[in-house]
Each structure stands twice: as structure tokens, then as C-alpha cells.
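**Student:** when you get a sec, could you give me coordinates for this:
(chains A and B)
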Amino acid sequence: MSETPLIGGLTQAPIDSRLAGARIGVVTFPGTLDDRDAIRAVRLSGATAVELWHGDSELAAVDAVIIPGGFSYGDYLRAGAISRFAPLMSKIVDAANSDAKLPVLGICNGFQILTEAHLLPGSMIKNDHLKFLCRDQVLRVENNTSAWTNAYDLGQDITVPLKNQDGQYIADEKTLDALEAEGRVAFRYVGGNPNGSRRDIAGISNAAGNVVGLMPHPEHAVEEGYGPGHTGTDGLGFFTSVLNTLLGGK
Amino acid sequence: MPRIVVDVMLKPEILDPQGKAIVGALPRLGFTAFSAVRQGKRFELTVDGEVTDEILAQAREAAETMLSNPVIEDVVNVEVVAD
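**Tutor:** Numbering: from 1, shown residues only, chains lettered A, B, ... in the order given. Below is the predicted model:
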């Protein structure tokens, strides 16, 4: 499917046709908000977006999965706590932990779902200032070897939108030390901690590097005219990283 | 109908921003005796019939696996309440 350019040109050179063979699933739960943006980001990266429904029992032969942001199940009980038990989630957890190491990206509520599903350690609690916060946020890339971060330079600063209320990442000291020692802190907040997250952590990966979760929203920074500062497209690297991984580049 | 009450609290070492906001607001209404507030969750599980040991065990398991997240919360009470 060709994507209609909005403002700003999508006039870059035609994307490698091999990329269209990569099928990236985007899961929708009741209350998901950002699935359309995630689908658009996948298409802009050149891959084929596959819509998945939380009640599906099969993964539709996708090569990777994105769990997008929103308020699945209204954040009832705890953010992500009920979504974790969706039929499709057990398939995703099994595939992520299998030898095939299905790449899985959790954004915002998707990150919360991945922690509730125990694919990633720790948890999110309410922002320390108690307010919903929406702003452009600078992140430092601290790991560029994972399935979703390999298109970035180590130490690179990227700007993507941040918007949440339960964004304060917490884990016990032992877990935090292990994350640091194993290079699994993927992104750190730069220019002020927006929510009280331990050690300024904005995103982490699992040990194998195929599962990444973060609170900010790279899918909102993929297209000129709509990203931070109206020109920012720093988020696109997430979606090109997974294509590097799937096509064997990294 | 008997109910099983499950109480869940944030772990003591986890900052409770909601509790902090509440304790900050209490003095405005003249309640000055309270130096801290922690906010928790209470669940009431209704049982059709008698609460057997097995049902109570199920409630404890549900409390540990779904009603609470052990990373941030403790189950502080599971008890049967008869109406």
C-alpha cells in the first residue's frame, strides 16, 4: 500500500523492495490509541504493517511485533495488567522467548504491558509530580545492538514525544544494577528527568536484545511536518533497526 | 453471599505520590494529626456458596499473580467476610 504524503515530502529514493517482505504486526487492544501511528511508521520504514487484534489466537506469520501506546482496558487494575492476559499476548511471550527471538517493541502502554507480562523487568508507577506530561523529550541512546536500536549511534541524542501519567520506571537496586552491567539500559532521559524514573531510564531491553520497551513515542517522530519541532524524524530509527535485524544486517 | 477481601498496598520502599498528595491536602480541611498517608487497593471477591480452603487458596493465588504486581506491591490481607 502506498502512503499518501501529508506535508513534507516522502520523496526519498525508493525503499529497497526487500523491505516490503518484512511483516511487522501492530497489536490493538480495547483502549489502544497509537496503533494507527505505529502502522504508519512501519509503512514509512518500508515494511508491511499487519494489524493484529488482542483476541487473535495466532500471530499471522509476522516477523516482529509492536505493542503500541494508549490506555488498554482503561489502565484498570494497573496499566497493562489486564492486557497481559489477552490470548495473543501468550503467543507473543512464547515467540519472544523462543529460539526464533521474535523482535517485540513496547511503546508507552506497550512497555507497561511487557513488564506486566514479565518480558521486561521492573514496572511503571505514577509520575512523581502526579501530572500527565506531554512534551518533546531528548533521549540518549545507550544501547545500539538491540533489534530496535541498531540504526542509532551509541551516545546519540534523539528527540521524540513523551506523553504519559504512569511513566515512572522503577525496579529494585539489584535489577537496576544488572540492567546497567549487561548494557540493557537502551535509553536515558536527557535534560531533566520527566517523571522520577530510576537512574533516568526511559527504555530497556531484555537479555537477548530482541525485546525493547520505552515510555516515549518514536512512532510520533517519523515524518516531516509532524515530529518534534515539526521536522523531527528521530523515531524512524526504531523501525529501520528491526529491518536491519530481520534482513540479517545486524 | 460470602466475600473474600484482598488488600494490596504499594511496597513500603515505593514512593506513593497519591498518598503524598492526600497528606498535603488534609491540613487544609483542618486534619492536622496525620503525618503520612499511603493509598492502597481493596478487592472484594464474591463467592456463590461456601468458601472452602481450595477457594481461599485460589483467591490467594489470584491476589499474588493478578491483583498485585510483586515488583511494586504487597498483598497485605486476604480474609473471608460473611454478610
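**Student:** residues near B:Leu26, how many?
**Tutor:** B:Leu26 has 14 neighbouring residues, counting by other CB atoms under 10 Å in any protein chain shown. (Glycine included, C-beta is placed from N, CA and C.)
**Student:** quick check: pLDDT value at the residue of chain A found nearest chain B.
**Tutor:** Residue nearest to chain B within chain A (CB to the nearest CB): A:Ser123, separated by 4.2 Å. Confidence at A:Ser123, expressed as pLDDT, is 96.
**Student:** ditto for A:Ala20
**Tutor:** 86.
**Student:** show me which residues of chain B sit near chain A.
**Tutor:** By CB under 8 Å from any CB of the partner chain, the residues of chain B that approach chain A are B:Leu10, B:Ile14, B:Leu15, B:Pro17, B:Gln18, B:Ala21, B:Met66, B:Leu67, B:Asn69, B:Val71, B:Ile72.
**Student:** just to revisit the earlier point, quick one, what contacts the nearest residue to the residue of chain A closest to chain B once chain neighbours are set aside?
**Tutor:** Closest residue in space to A:Ser123, ignoring its immediate chain neighbours: B:Val71 at 4.2 Å, by CB to CB, 6 or more residues apart in numbering or on different chains. The contact partners of B:Val71, taken as CB atoms under 8 Å, 6 or more residues apart in numbering or on different chains, are A:Thr115, A:Pro121, A:Gly122, A:Ser123, A:Ile170, A:Ala171, A:Asp172.
**Student:** name all residues that make contact with the last one.
**Tutor:** To tie it back to what came earlier, the one meant is A:Asp172. B:Val71.
**Student:** next one: it from A:Trp148, what distance?
**Tutor:** Taking CB to CB, to the nearest Å as the measure, A:Asp172 falls 25 Å from A:Trp148.
**Student:** wasn't A:Val93 part of a strand?
**Tutor:** No - using DSSP: H, G, I helix; E, B strand; the rest coil, the assignment for A:Val93 is helix, not a strand.
**Student:** how many neighbours does it have?
**Tutor:** 18.
**Student:** tell me who's in contact with it.
**Tutor:** Applying CB under 8 Å, 6+ apart to A:Val93 gives the contacts A:Ala117, A:His118, A:Leu119.
**Student:** surely the second one is in a strand?
**Tutor:** Looking back up the chat, that one is A:His118. No - going by three-state DSSP, the assignment for A:His118 is coil, not a strand.
**Student:** skipping its backbone neighbours, what lies nearest it in space?
**Tutor:** Closest to A:His118 by CB to CB, 6+ apart is A:Val93, at 7.8 Å.
**Student:** next, give me the two most distant ones among the residues of chain B next to chain A.
**Tutor:** Between any two of the residues of chain B next to chain A, the greatest separation by CB to CB is 27.0 Å, found for B:Ala21 and B:Met66.
**Student:** who's more crowded, the two?
**Tutor:** The neighbour comparison of B:Ala21 against B:Met66 (other CB under 10 Å) goes to B:Met66, with 16 against 13.
**Student:** in three-state terms, label the more buried one for me.
**Tutor:** Look at B:Met66: counting by three-state DSSP, its state is helix.
**Student:** alongside chain B, which residues does chain A contribute?
**Tutor:** Counting by CB under 8 Å from any CB, chain A sits next to chain B at A:77-78, A:81, A:85, A:115-116, A:121-123, A:125-130, A:170-172, A:196.
**Student:** put the buried members of the residues you listed into a PyMOL selection.
**Tutor:** PyMOL command restricting the residues of chain A next to chain B to the buried ones, with burial defined by 16 or more other CB atoms under 10 Å in any protein chain shown:
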select buried, chain A and resi 77+78+81+115+116+121+122+123+125+126+127+128+170+171+172+196
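**Student:** so where do the strands sit in the chain?
**Tutor:** All of this is about chain A. All strands of chain A, identified by DSSP state E, fall at A:23-28, A:48-53, A:64-67, A:104-107, A:123-125, A:133-141, A:157-164, A:168-170, A:185-190, A:201-205, A:211-214.
**Student:** could you do chain B instead?
**Tutor:** Going by DSSP E, chain B shows strands at B:3-10, B:40-46, B:73-81.
**Student:** adding mean pLDDT and mean neighbour count, write those out as CSV.
**Tutor:** Output for these, formatted as CSV (pLDDT from 0 to 100; neighbours: other CB atoms under 10 Å in any protein chain shown):
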stretch, mean pLDDT, mean neighbour count
strand B:3-10, 97, 19
strand B:40-46, 97, 13
strand B:73-81, 97, 15
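**Student:** quick one: the helices in chain A, in order.
**Tutor:** A:35-44, A:87-97, A:109-116, A:173-181, A:236-246 (DSSP state H).
**Student:** residue in chain B nearest to chain A?
**Tutor:** Going by CB to the nearest CB, chain A is nearest to B:Val71 of chain B, at 4.2 Å.
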